[in-house]
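S.K.: After the sequence you'll find the predicted model.
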Amino acid sequence: MNLKDQVLSIDQVQELQELGFDVEKYASMCWLAYESDIPPYKKEYNLCTHDIYCYESSSLEPIPTLSIGDIIGILQERIQKKYYLEINKNNGKIQEKLIDKLFEILKLCIKLNKIAL
């Protein structure tokens with residue numbers, strides 16, 4: 001599985017931030033922006049461990065992001081006493097990416113005030 005499929009996208013991070021959730025507090029990874037050397041010289045992103053070096057190695061402000069493990073840890077820490085997560089497989093395959101499902105669960109918990117902001 002590609003590492004980019006195991007973390008929230010920049011759009012998902014922004015959506016959590018709009019809900020008032022402090023992504024940086026729980027982030028283990030960050031998106032680093034850079035300009036491509038190849039025309040049309042557009043902005044691209046790489047993943048990096050969320051630490052002091054990610055801030056030193058980027059000319060633009062890094063964007064903290066959450067991994068599958070980060071989200072499971074948040075959910076486990078905050079709501080484990082009342083809820084549980086069940087992942088069903090239909091015909092031997094998961095219909096959607098795990099990170100996308102965890103993102104939806106995290107958003108719902110934030111909206112229901114089950115997770116402290």
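M.R.: Arrived safely, thanks for sending. Remember, it's a predicted structure, so these values are computed and weren't measured experimentally.

S.K.: going forward, measure contacts between C-alpha atoms and count neighbours the same way
M.R.: OK.

S.K.: Name the helix or strand of this structure that has the lowest mean pLDDT.
M.R.: Within the chain, no helix or strand scores below helix 52-56, which has a mean of 67 by mean pLDDT, DSSP states H and E.

S.K.: list the buried ones in the helix or strand just after that one?
M.R.: Downstream of helix 52-56, the next assigned helix or strand under DSSP states H and E is strand 63-65. By 16 or more other CA atoms under 10 Å, the buried positions in strand 63-65 come out as 63-65.

S.K.: who does strand 63-65 pair up with?
M.R.: Sheet pairing here is set by DSSP bridges, and for strand 63-65 it gives strand 29-35 (antiparallel).

S.K.: Dump the strand it pairs with to PDB, keeping only the CA atoms.
M.R.: Extracted in PDB, the C-alpha atoms of strand 29-35 (Å, rounded to 0.1, in the frame of the first residue of the first chain):
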ATOM      1  CA  MET A  29       3.400  13.000   9.200                       C
ATOM      2  CA  CYS A  30       3.300  16.200   7.200                       C
ATOM      3  CA  TRP A  31       3.000  17.300   3.600                       C
ATOM      4  CA  LEU A  32       6.000  19.300   2.300                       C
ATOM      5  CA  ALA A  33       5.300  21.600  -0.600                       C
ATOM      6  CA  TYR A  34       7.900  22.200  -3.300                       C
ATOM      7  CA  GLU A  35       7.900  23.500  -6.900                       C
END
